[in-house]
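Trainee: what follows is a predicted structure for the sequence shown.
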Amino acid sequence: MEIIHTIGSRKTASARIYIKKGNGKININGINYKKYFFYPIYQKKILKPLHLSKCKNKYNINIKVYGGGLNGQSEAISLAISRGICIINPDLKKILKKEKLLTRDSRMVERKKFGQKKSRKKFQFSKR
């Protein structure tokens, strides 16, 4: 099996993933994923597609992620891993699609409008 390359994105975060056969090592920007994402919630998001496909210790995953915050980065990584698993084994596509791991979440931050405090919040109105 050669190296499989996939891309995932969420908000302003982008993740490039390189999957190859191995013993289950996951590195993000050259750092172990447990040190990069120190909160367990983000670690679970990353590992969810691997648990559902039952291939946690079969592949080494090298990840390059940039932009956004920790939540956006973890969801971008999850999408990219799901896409890579579907390339390796197309039979798992139904399982991952059912859990909504193959759809890109297109929600972005709404821009601030002029004459307003924020995107929707307005300045206080004074009648007199």
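Mentor: Structure's in. What do you need? Numbers count the residues shown, from 1 in each chain.

Trainee: C-alpha from now on. contacts and neighbour counts both.
Mentor: Fine.

Trainee: state the helix or strand in which the most centrally placed residue in the chain lies.
Mentor: Centroid check for the chain by CA atoms, centre = their mean gives A76 as the closest residue, at 2.0 Å. Using DSSP states H and E, A76 falls within helix 70-88.

Trainee: pull out the buried positions in that helix.
Mentor: By neighbour count with 16 or more other CA atoms under 10 Å, helix 70-88 contains the buried residues 70-86.

Trainee: check contacts around the residue nearest to the centre of the chain.
Mentor: Residues near A76 by CA atoms under 8 Å, 6 or more residues apart in numbering: G8, S9, R10, A13, S14, A15.

Trainee: closest to E110 out of these?
Mentor: For those, the closest approach to E110 (CA to CA) belongs to R10, at 14.4 Å.

Trainee: how many residues are close by that closest one?
Mentor: The number of residues packed near R10 is 24, by other CA atoms under 10 Å.

Trainee: didn't it look like it was pressed against D105?
Mentor: Yes: counting by CA atoms under 8 Å, R10 touches D105, with 6.3 Å between them.

Trainee: find the residues that touch each one of those two.
Mentor: In contact with both R10 and D105: no residue, using CA under 8 Å, 6+ apart.

Trainee: next up, the contacts around Y59.
Mentor: I19, K20, K21, G22, N23, G24, K25.
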